[in-house]
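Asks: When you get a sec, could you give me coordinates for this:
(one chain, ligands or ions: 1)
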Amino acid sequence: MSEADQDRLKEQQRVEQVIAEINRQIASLQDHVTEVSADIVGIRKHFWDDVTVNFEDATEAAETYASIKQQAEVLSERERVHRHAHNKLRTLNRLVQSPYFGRIDFREETEASADPIYLGIASLLDEREEQFLVYDWRAPISSLYYDYSPGPADYETPSGTVSGEITCKRQYVIRDGQLLHLFDTGVTIGDELLQEVLGKQADSQMKSIVATIQRDQNRIIRNEYSRLVIVSGAAGSGKTSAALQRIAYLLYRYRKTLRAEQIVLFSPNSLFNSYVSTVLPELGEENMQQTTFQDYAEHRLGSTFQLEHPLAQMEYVLTAMKEPGYAERLEGIRIKTSPRFMRAIDDYASLLKEDGILFRPITFRDRVIVSAKRIRNHFYSMESSISIPNRMALLAKWLLGELKKQERLECSKPWVEDELELLDKDAFVAVYQELRKKNQFREDTFNDFDREQELLSAKIVKKHFRPLRESVRELQFIDTTATYRQLFSDSALATTVFSVEERPELWAEICTQTVERLDKNELTYEDTPPFLYLQEKLEGFQTNNIVRHVFIDEAQDYSPFQFALLQRLFPRAKMTVLGDWNQAIYAHAYDSSSFESVASLYEPEQTETFVLTKSYRSTEPIVEFTRQLVKDGERIEPFRRAGRKPSVTITPNHEALTEKITAQIQKLQAEGHQAIAVITKTAEEAQAAHERLRDKLDIRMIGTRAIAYETGALIIPSYLAKGVEFDAVLIYNASSERYHLESERKLFYTACTRAMHELHLYSVGEVSPLLTSVSRDRYEWFQ
Ligand SMILES: Nc1ncnc2c1ncn2[C@@H]1O[C@H](COP(=O)(O)OP(=O)(O)OP(=O)(O)O)[C@@H](O)[C@H]1O
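Replies: Model (predicted):
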């Protein structure tokens, strides 16, 4: 037997030994779980048997309470043990399939020989709980595996740096208890293993990359000290993967203090939320909170406005070129999402300190009881050095006092008497008893009647004033909509907040459009963040002090306003911001190319920036094609994975296009590909494509309301395919008619980079001029 065979045999034997130990632990834990379950059922069933219930006097009641408490404590302790055992069992059941994926032999400086360290998704101790059979991939020592090739190496522990030497580094593929492959690896973690992982079929859910995390990704995952981590990375470079692994890492590293609900991930849309939702549970961790900026905006403004959805804005930008007012709207989007407009709102807020905030009057039964003018005067009578939100709080206090005065005056009004007559007997009895209790009845029955009436009237008025008090506490007397609208309706204001040379082009038209929308109670997607920003400037920032980590994926699509809002919303959180400027598909992001706006919110020494240039998703020929579509694309490095060259097929008309696409999908399916996406530019085009293709094939359409990706053949608009991937991508119509603007380049690039194994472009007539930047030898051409 060769040395290699002997080695492999030894490794297989170790796998078997570890699996036997896992099975032993599973069996023993299962017995334990059964026992504890029986205890819990027993305690629940006989809960009251051991409790003596007696409420006759205070002492008995206290004893009853103590015995219930004691029983409840026993129950909750058993439940806790059960939960813990159940979680451990789940982990062991995962480990038994594939107990570990890597090994390093590390010799500490002070030791004579090296110890093997095996890495898996969780730690496993031997029977006597003395030795680690498997180390959790997040343990300090495990970082050696990701950071070093054989040779000198060190790692950080809470008590300092440990130095030594790695004498062997190995990777395993173990499935269902069988050692399938074994590789000794060098500098990067196993190209072989990566080849195997990346060569697989796409899934409707994202997978964890724990066994093949690369060194530069590991630095992002394990960053602990920066307040702001910025990750700028090419399409398919593992930004989302690194973010999710980082969450798993943080949950492990701070397991005593950090809970999953203290981490929030902002995703581009709800579809993406479902796509990434299984990664953490697969690693044995609970999921973080997932949300979108739109969810937050709906929560804050949904009851005031009809909010435009970002996808609706996107569809408008891509389809409404011929509608009147299109150019003005586009310019409006550009301005309202710019750093310049944020400064304008800041300047406007400064002016509002002295004058200009608009208020709503407080009305009761169609009568103004505190006029807007009085509210305004009171507000501006306060010291202007006090911040606006603090003055608003004082104003609310004053208004509550005013309401109290009004309440008293109201008691003698005829409407109160009318309501008194309609009251039922129970209300009178209740007031009678209340007065008796207070000992306020005297001999004089005439007076008694008056007092009863007085108290009842006060109660009636108080009840009617309750919503008013509530609205004052919620600061509804501030008319933020009118104050925001004023910025667009008062032409003198624009002169104050924008200098002449800075005055945006088409400003007058933008103002007309904005005012029209606001008057219809509609808030466009581009107006939502500045509106929220102004609202916070007037009311004070709402803060969430529970969340400790905020992750923003696809961050290139966020405007400076959004970053500023999120930073203030989560003042105690560290931020991880991930994005790719080449995929900045929203109209507002066309001009930007860096994360300056978010970086400016933190001190430079609190910020660390990482750049990922290697693209793992697509085959080498696909990356070589897609990277030529964008500026600076030569910096994107493909991972060496072979595959077919992308193809471009020109068809004379839509019938021929349908035929070609149908044939291609059938061919791809016959070759075993599952996730095949026909990517259209817009939802409108997706609809048309679906109508043409659905009679020929089993193909589904993913619309803006879809909540989960499915495998199989599907049609999807480009902007919904963001962040996800497919085995094969067919670009529905890459013609010059569909993609001809420079502003569409990023959308086109985003669509093409969704392909893992195959990319095919189709065009009805002349192909898009965007393709001229790609060398002719990078794709096959069919006509
Ligand atoms: N270290 C790795 N090991 C194995 N697979 C990896 C690794 N890094 C990335 N991948 C794979 O590459 C693909 C792209 O990863 P991911 O979606 O995280 O990239 P991204 O940078 O967020 O992409 P995009 O910006 O295009 O949405 C995924 O299939 C992911 O599993």
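
Asks: Tell me the residues of the stretch 551-700 of the chain that contact the ligand?
Replies: Counting by Cβ under 6 Å from any ligand atom, the residues of the stretch 551-700 of the chain close to the ligand are 580, 583, 616-617. (Each C-beta comes from the backbone N, C-alpha and C, glycine too.)

Asks: Count the neighbours of the residue in the chain positioned nearest to the ligand for me.
Replies: For the chain, the residue closest to the ligand is residue 238, as judged by Cβ to the nearest ligand atom, at 2.9 Å. Neighbours of residue 238 under the rule other Cβ atoms under 10 Å: 25.

Asks: Just to check, it is in contact with residue 218?
Replies: No. Using Cβ atoms under 8 Å as the test, residue 238 is too far from residue 218 to be in contact (10.7 Å).

Asks: re earlier: so can I have CSV of the residues of the stretch 551-700 of the chain next to the ligand showing pLDDT?
Replies: Below are these laid out as CSV (pLDDT from 0 to 100):
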residue, pLDDT
580, 93
583, 88
616, 95
617, 95
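
Asks: Just flag the most distant two among the residues you listed.
Replies: Among those, the pair separated by the greatest distance (Cβ to Cβ) is 583 and 616, at 15.7 Å.

Asks: Mind checking the pLDDT average for the lengthiest helix in the chain?
Replies: Identified as the longest helix of the chain according to DSSP state H is helix 3-45. In this model, helix 3-45 has a mean pLDDT of 86.

Asks: Could you check whichever helix or strand comes after that helix and say which residues are buried?
Replies: As assigned by DSSP states H and E, the chain's next helix or strand after helix 3-45 is helix 58-97. Using 16 or more other Cβ atoms under 10 Å as the test for burial, helix 58-97 gives 64, 68, 71, 78, 81-82, 85, 88-89, 91-92, 94-96.

Asks: Throw these into JSON lines and include distance to the ligand and pLDDT, thanks.
Replies: What follows is the buried residues of helix 58-97, written out as JSON lines (distance: Cβ to the nearest ligand atom, whole Å; pLDDT from 0 to 100):
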{"residue": "64", "distance to the ligand": "58", "pLDDT": "76"}
{"residue": "68", "distance to the ligand": "51", "pLDDT": "78"}
{"residue": "71", "distance to the ligand": "50", "pLDDT": "75"}
{"residue": "78", "distance to the ligand": "41", "pLDDT": "77"}
{"residue": "81", "distance to the ligand": "37", "pLDDT": "79"}
{"residue": "82", "distance to the ligand": "35", "pLDDT": "80"}
{"residue": "85", "distance to the ligand": "32", "pLDDT": "83"}
{"residue": "88", "distance to the ligand": "28", "pLDDT": "86"}
{"residue": "89", "distance to the ligand": "28", "pLDDT": "89"}
{"residue": "91", "distance to the ligand": "22", "pLDDT": "89"}
{"residue": "92", "distance to the ligand": "25", "pLDDT": "91"}
{"residue": "94", "distance to the ligand": "19", "pLDDT": "88"}
{"residue": "95", "distance to the ligand": "20", "pLDDT": "92"}
{"residue": "96", "distance to the ligand": "23", "pLDDT": "92"}
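
Asks: which of these are the two that sit furthest away from each other?
Replies: Largest separation among the buried residues of helix 58-97 by Cβ to Cβ: 64 and 96, giving 47.9 Å.

Asks: Output the helix or strand of the chain with the lowest mean pLDDT as PDB, restricted to C-alpha atoms.
Replies: Here the helix or strand of the chain ranked lowest by mean pLDDT, DSSP states H and E is helix 425-437, holding a mean of 72. Taking Å, rounded to 0.1, in the frame of the first residue of the first chain, the C-alpha atoms of helix 425-437 are listed here in PDB:
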ATOM      1  CA  LYS A 425     -77.400  53.400  34.500                       C
ATOM      2  CA  ASP A 426     -74.100  51.700  35.000                       C
ATOM      3  CA  ALA A 427     -72.100  54.900  34.400                       C
ATOM      4  CA  PHE A 428     -74.200  56.700  37.100                       C
ATOM      5  CA  VAL A 429     -73.700  53.800  39.500                       C
ATOM      6  CA  ALA A 430     -69.900  53.800  38.900                       C
ATOM      7  CA  VAL A 431     -69.700  57.600  39.600                       C
ATOM      8  CA  TYR A 432     -71.900  57.200  42.600                       C
ATOM      9  CA  GLN A 433     -69.600  54.600  44.000                       C
ATOM     10  CA  GLU A 434     -66.500  56.600  43.200                       C
ATOM     11  CA  LEU A 435     -67.900  59.600  45.100                       C
ATOM     12  CA  ARG A 436     -68.800  57.400  48.000                       C
ATOM     13  CA  LYS A 437     -65.400  55.900  48.200                       C
END
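
Asks: Please name the nearest non-neighbouring residue to the residue nearest to the spatial centre of the chain.
Replies: Among the residues of the chain, residue 266 comes closest to the average C-alpha position under Cα atoms, centre = their mean, at 2.0 Å. Using Cβ to Cβ, 6 or more residues apart in numbering and skipping residues adjacent in sequence, the residue nearest residue 266 is residue 552, 4.7 Å away.

Asks: next one: residue 131
Replies: Of all residues not flanking residue 131 in the chain, residue 125 sits nearest, at 6.8 Å (Cβ to Cβ, 6+ apart).

Asks: One more: residue 209?
Replies: The shortest distance from residue 209 to any residue other than its chain neighbours is 4.7 Å, reached at residue 241 (Cβ to Cβ, 6+ apart).

Asks: Could I get the contacting residues of that neighbour?
Replies: By Cβ atoms under 8 Å, 6 or more residues apart in numbering, the contact set of residue 241 is 206, 208-209, 217, 279.

Asks: hmm, who's touching stretch 97-106?
Replies: Contacts for stretch 97-106 (Cβ under 8 Å, 6+ apart): 15, 18-19, 22, 114-120, 124, 133-134, 137, 141, 144-145, 153, 164-177, 189, 210-211.
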